[in-house]
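J.: Show me the folded form of this:
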Amino acid sequence: MSVEAHIGSLRKSIPQEVKMVAVSKFHPAEMIREAYAQGQRIFGESRVQELVSKQAELPKDIEWHFIGGLQRNKVKQIAPFVSLIHSLDSERLMLEIEKQGAACERVIPCLLQVHIAEEETKSGFTPDECRQFLKSSRWRECTHVQLAGVMGMATYTDDREQVRKEFRLLKSLFDVCKEQFFLHDPSFCEISMGMSGDYPIAIEEGSSMVRLGSLIFGER
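T.: So this is what the prediction gives:
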């Protein structure tokens, strides 16, 4: 199947209000153009260098999401244009994003990355650390960082119930954070969870944004 056919079929299965991030990392610009021709505008990259070079050569109305672990010394390269950083996982990273956002005179939207999986390889705040981070209120001083929601990845497993339980945990954390810290802030609205292998469960559990790579572009 072509990129065009994949996108057409996914749009039938994904509710209109759920955003679809086309994970284009490691795929060439031509394939991104194919998806773009089908109306896809949100693309996800996980390597700064690759993102910078693609952003330079592809249409300017693309919303680029950074979806991988972000090193502080690389924030400067994407700060001028990135639409959303999915992986804010420490106060130190937040302070660097604030600094680079101020230098570009931009407010940079970010998601709090939460570790919900039973896997050591996944990173992010634990749910408790996430609540403590928000309680500390230092983020309120960062006027060039906009906290836009949460992101989490489920354990890579065939156990659907475990995956569901982890997504449910992230949704309940989002609800608590929304009520305690962002009740009157409409921009705190995203729950980024669900990838090619588990996105239907994520949508059932309240995801507002799914990240799909192989289902759009095929296996690398």
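J.: Relative to residue 114, how far out is the residue minimising distance to the centre of the chain?
T.: Centrality entry for the chain: nearest residue to the mean C-alpha point is residue 86, 3.4 Å, by CA atoms, centre = their mean. Residue 86 sits 11 Å away from residue 114 when distances are taken as CB to CB, to the nearest Å. For every residue, glycine as well, the C-beta is placed using N, CA and C.
J.: Need the overlap of contacts for the two.
T.: Jointly contacting residue 86 and residue 114 under the rule CB atoms under 8 Å, 6 or more residues apart in numbering are residue 151.
J.: For the helix or strand encompassing the residue nearest to the centre of the chain, name the packing helices and strands.
T.: In this structure, residue 86 sits in strand 84-88 according to DSSP states H and E. For strand 84-88, the elements it packs on are strand 63-66, helix 91-104, strand 108-113, strand 145-151, judged by 3 or more CB pairs under 8 Å, 6 or more residues apart in numbering; DSSP states H and E.
J.: now with 10 Å?
T.: Packing partners of strand 84-88 (3 or more CB pairs under 10 Å, 6 or more residues apart in numbering; DSSP states H and E): strand 19-23, strand 42-45, strand 63-66, helix 91-104, strand 108-113, strand 145-151, strand 190-195, strand 209-212.
J.: and the angle from the fifth one to strand 190-195?
T.: Going back to what we said before, that points to strand 108-113. 60 degrees (axes from the mean of the first three to the mean of the last three CA atoms, to 10 degrees).
J.: and what of the fourth one?
T.: Following the same axes, to 10 degrees, one obtains 120 degrees for the angle between helix 91-104 and strand 190-195.
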